[in-house]
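Visitor: structure here, sequence nowhere to be found:
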């Protein structure tokens with residue numbers, strides 16, 4: 001796994017990155033992370049959040065800032081213990097998942113579907129059929145905008161999936177992942193749903209096998225898992241380059257199976 005991110009800082013600022021593999025029990029991780037300003041290394045502060053997510057913060061003056069991350073991952077993540085506070089949190093509306101706008105729609109659309117697993121998979125099927133994968137969305141668009149536009153990219157698919165799941169009283173959250181096999185290759189966004197006390201990944205885009213995905217960051221929606229945040233001066237974003245490879249053959253992905261993030 002690797003990520004390379006470049007930007008130009010116009011005025012002094014604090015940059016926060018979420019581009020590294022989450023530290024979770026069960027995964028063996030070898031990694032390197034370097035952030036430079038015009039070629040000189042910057043001190044990095046690591047901030048650890050829920051689900052093993054890590055924010056890496058640097059203070060940067062004017063110049064070109066380059067992040068280079070490389071990781072090798074082995075093993076499988078252990079099931080995450082159920083946290084009742086977070087379970088409640090992931091039922092609530094959030095910035096991009098306006099659950100309160102979806103209660104009536106979800107109740108009618110999925111009337112007659114019983115069982116948590118069945119409802120979760122029905123939501124995944126609905127979103128896959130409703131949306132076309134097209135880069136038409138704006139950074140401010142939420143799930144309701146995506147439903148009306150009937151198109152979007154991975155974050156939009158995840159937001160609509162999450163909003164519908166929460167409207168059906170199923171806790172749901174969003175994760176950024178490295179996704180071997182994803183075309184086009186990029187940091188990928190997926191939804192996760194809690195069924196029978198465990199988190200399972202749903203990806204209505206079908207762009208990559210879920211069993212090969214590796215968690216980066218997890219939160220309520222895209223606002224919590226942004227790969228770059230700027231706090232202070234202005235910046236010009238230049239590029240993000242991502243690789244995600246697997247030494248083993250990629251598994252087939254059954255879209256109607258419940259699968260956890262590795």
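Guide: Received, thanks. No experiment lies behind these values; they were computed from the predicted model shown.

Visitor: how does this protein divide into domains?
Guide: Following the TED database, one gets these domains for the chain: 2-76+228-243, 84-224.

Visitor: out of those domains, nearest to residue 253?
Guide: Evaluated over the domains of the chain, closeness to residue 253 peaks at domain 84-224, with 4.0 Å, by Cβ to Cβ. The C-beta positions use only the backbone N, C-alpha and C, and glycine is treated the same way.

Visitor: endpoint to endpoint, the closest one covers what distance?
Guide: 19 Å (Cα to Cα, to the nearest Å).

Visitor: just stretch 39-58 next, same as before
Guide: First residue to last in stretch 39-58 (Cα to Cα) measures 14 Å.

Visitor: same check, this time on stretch 15-31
Guide: OK, stretch 15-31 end separation, Cα to Cα: 20 Å.

Visitor: picking that back up, can I get the domains of the chain in CSV with mean neighbour count, mean pLDDT and distance to residue 255?
Guide: Compiled in CSV, the domains of the chain are given as follows (neighbours: other Cβ atoms under 10 Å; pLDDT from 0 to 100; distance: least, Cβ to Cβ, whole Å):
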stretch, mean neighbour count, mean pLDDT, distance to residue 255
domain 2-76+228-243, 16, 97, 21
domain 84-224, 19, 97, 6
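
Visitor: ok, residue 94 to residue 173 distance?
Guide: Between residue 94 and residue 173 the computed distance is 9 Å (Cβ to Cβ, to the nearest Å).

Visitor: now list whatever residues contact both of these two.
Guide: Shared contacts of residue 94 and residue 173, defined by Cβ atoms under 8 Å, 6 or more residues apart in numbering, are found at residue 220.

Visitor: what's across from residue 173 in the sheet?
Guide: residue 192 (DSSP bridges).

Visitor: report the contact partners of it.
Guide: By Cβ under 8 Å, 6+ apart, the contact list for residue 173 reads 90, 162, 191, 192, 199, 218, 219, 220.

Visitor: which parts of the stretch 1-150 of the chain are helices?
Guide: 84-89, 103-109, 116-130, 143-149 (DSSP state H, counting those that start in this stretch).

Visitor: ok so, going back, can you tell me which of the domains of the chain is nearest to residue 251?
Guide: Sorting these by Cβ to Cβ, the top spot, which is the nearest, belongs to domain 84-224 at 4.7 Å.

Visitor: in space, what's closest to residue 209 - neighbours in sequence excluded?
Guide: residue 253 (4.0 Å; Cβ to Cβ, 6 or more residues apart in numbering).

Visitor: checking the one you found next. Helix, strand or coil?
Guide: coil (DSSP: H, G, I helix; E, B strand; the rest coil).

Visitor: distance of it from residue 202?
Guide: 11 Å.

Visitor: for residue 163, which non-adjacent residue is closest in space?
Guide: Nearest to residue 163 is residue 143, by Cβ to Cβ, 6+ apart, at 3.7 Å.

Visitor: I meant residue 67, not that one.
Guide: In space, residue 67 comes closest to residue 5 once its chain neighbours are excluded; the distance is 4.4 Å by Cβ to Cβ, 6+ apart.

Visitor: pretty sure that neighbour sits against residue 242.
Guide: No - using Cβ atoms under 8 Å, residue 5 is not in contact with residue 242, being 9.1 Å away.

Visitor: mutual contacts of these two, please.
Guide: Common neighbours of residue 5 and residue 242 (Cβ under 8 Å, 6+ apart) do not exist.

Visitor: show me the contacts for the residue nearest to residue 90 when sequence neighbours are not counted.
Guide: Setting aside the residues directly before and after it, residue 90 is nearest to residue 171 in space (Cβ to Cβ, 6+ apart), at 4.1 Å. Neighbouring residues of residue 171 by Cβ under 8 Å, 6+ apart: 87, 88, 90, 91, 165, 193, 194.

Visitor: pick out whichever of the residues you listed sits closest to residue 177.
Guide: Using Cβ to Cβ, those come closest to residue 177 at residue 193, 15.1 Å.

Visitor: the closest one contacts residue 204, correct?
Guide: No - the criterion here is Cβ under 8 Å, and residue 193 misses it with residue 204 at 11.8 Å.
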